[in-house]
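Visitor: 3D, please:
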Amino acid sequence: MPSSLDRIFSSAATSPSSQPSAGSSTQPYDTTSDPVVRELPNGYKKLASGIVLDATGKPCRQCTSGSAWMSMMKRTSPNTSNSSSTSRATAGLAGLGAAATTASDPAPSPLQSQGQDDCPPNVEQLGRATWTLLHGMAASYPSTASPSMQATARSFIQTFSQLYPCGYCADDFRDWLKQPGNEVRTEGQDAFGEWACRAHNAVNVKLGKTEFDCALWKERWRDGWRDGSCG
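Guide: Just a heads-up that it's a prediction; the model follows:
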């Protein structure tokens with residue numbers, strides 16, 4: 001998506017007393033030992049540890065990779081080094097590693113790799129959920145859309161590009177939409193689905209991932225694979 005979802009860097013050790021408490025994004029982040037390595041759109045900043053700060057200087061969970069966020073939580077938690085029971089439980093968990101991060105990101109902790117459904121989303125989880133929604137919308141879109149439906153779809157995409165929780169990702173998506181040929185196609189299911197696939201591939205390229213064959217988007221998101229593996 002936008003993105004839009006370009007990622008993060010390597011972990012840097014920080015003092016618990018100089019950083020917000022674990023999981024908190026209510027206070028400005030002390031960058032003394034975790035310097036800014038990249039300026040992002042709209043005043044966002046990427047730090048050496050992988051944390052992304054919003055325009056107010058606070059950590060943005062929806063803009064940060066899961067591995068970087070968990071690394072920050074471990075550094076800032078007063079109980080991290082003293083909880084042997086937590087360490088034993090963590091060591092016993094299997095890592096699944098589904099995050100779309102760069103090779104230089106901090107390695108996901110076992111807890112983060114397994115994931116938890118009732119926590120606020122990080123940037124990767126937000127991205128995956130977003131693409132599921134957009135491709136799902138395309139899969140159920142009319143074969144030939146009425147003028148009213150087309151207007152609704154265009155309005156949704158424009159609103160979505162303004163309200164996406166990751167601010168710099170949203171800015172990147174808006175920039176992509178402005179490029180010639182990237183305007184949302186709403187005349188029917190084929191056009192909308194192909195547009196969503198191209199938008200997704202634009203993100204894949206930025207992340208160094210393989211582009212998806214857009215000729216197969218209906219199998220992936222509407223009908224299921226021809227081999228019957230989707231039931």
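Visitor: what's the domain layout of this protein?
Guide: Following the TED database, one finds the domains of the chain at 37-64, 123-222.
Visitor: In which helix or strand does residue 46 reside?
Guide: Using DSSP states H and E, the element containing residue 46 is strand 45-47.
Visitor: Quick check: buried residues in that strand?
Guide: The neighbour-count check on strand 45-47 (16 or more other C-beta atoms under 10 Å) flags 45, 46, 47 as buried. Bear in mind the C-beta positions are built from the backbone N, C-alpha and C, glycine included.
Visitor: With stretch 156-163 instead?
Guide: For stretch 156-163, using 16+ other C-beta under 10 Å, the buried residues are 157, 160, 161.
Visitor: next one: it to chain centre, how far?
Guide: Counting by C-alpha atoms, centre = their mean, to the nearest Å, stretch 156-163 is centred 16 Å from the centre of its parent chain.
Visitor: And the average pLDDT for that stretch is what?
Guide: Mean pLDDT, stretch 156-163: 96.
Visitor: those strands in the chain, which residues are they?
Guide: For the chain, the strands defined by DSSP state E occupy 36-39, 45-47, 52-53.
Visitor: Export those as a markdown table, with columns for distance to residue 126.
Guide: Output for those, formatted as a markdown table (distance: least, C-beta to C-beta, whole Å):
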| stretch | distance to residue 126 |
| --- | --- |
| strand 36-39 | 20 |
| strand 45-47 | 16 |
| strand 52-53 | 12 |
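Visitor: Go through the ones you listed and name the closest to residue 118.
Guide: Of all those, strand 52-53 sits nearest to residue 118, with 22.6 Å by C-beta to C-beta.
Visitor: Can you tell me what sits against that closest one?
Guide: Residues from elsewhere that reach strand 52-53, judged by C-beta atoms under 8 Å, 6 or more residues apart in numbering: 8, 29, 31, 36, 40, 44-47, 59-60, 63-64, 123, 168.
Visitor: let's see 6 Å
Guide: 29, 44, 45, 46, 60, 63, 64 (C-beta atoms under 6 Å, 6 or more residues apart in numbering).
Visitor: of all the residues you listed, which comes closest to residue 189?
Guide: Among the contacts of strand 52-53, residue 63 lies closest to residue 189 (C-beta to C-beta), at 32.1 Å.
Visitor: how many neighbours does that closest one have?
Guide: For residue 63, the neighbour count with other C-beta atoms under 10 Å is 25.
Visitor: excluding its backbone neighbours, what's nearest it?
Guide: residue 52 (4.0 Å; C-beta to C-beta, 6 or more residues apart in numbering).
Visitor: Give me the helix or strand of this structure that scores worst on average pLDDT.
Guide: Within the chain, no helix or strand scores below helix 84-91, which has a mean of 35 by mean pLDDT, DSSP states H and E.
Visitor: So what touches the strand holding residue 46?
Guide: 34, 36, 37, 38, 40, 52, 53.
Visitor: now swap in stretch 188-198 and tell me
Guide: The contact list for stretch 188-198 (C-beta under 6 Å, 6+ apart) reads 134, 135, 138, 141, 143, 144, 145, 184, 185, 186, 214, 217.
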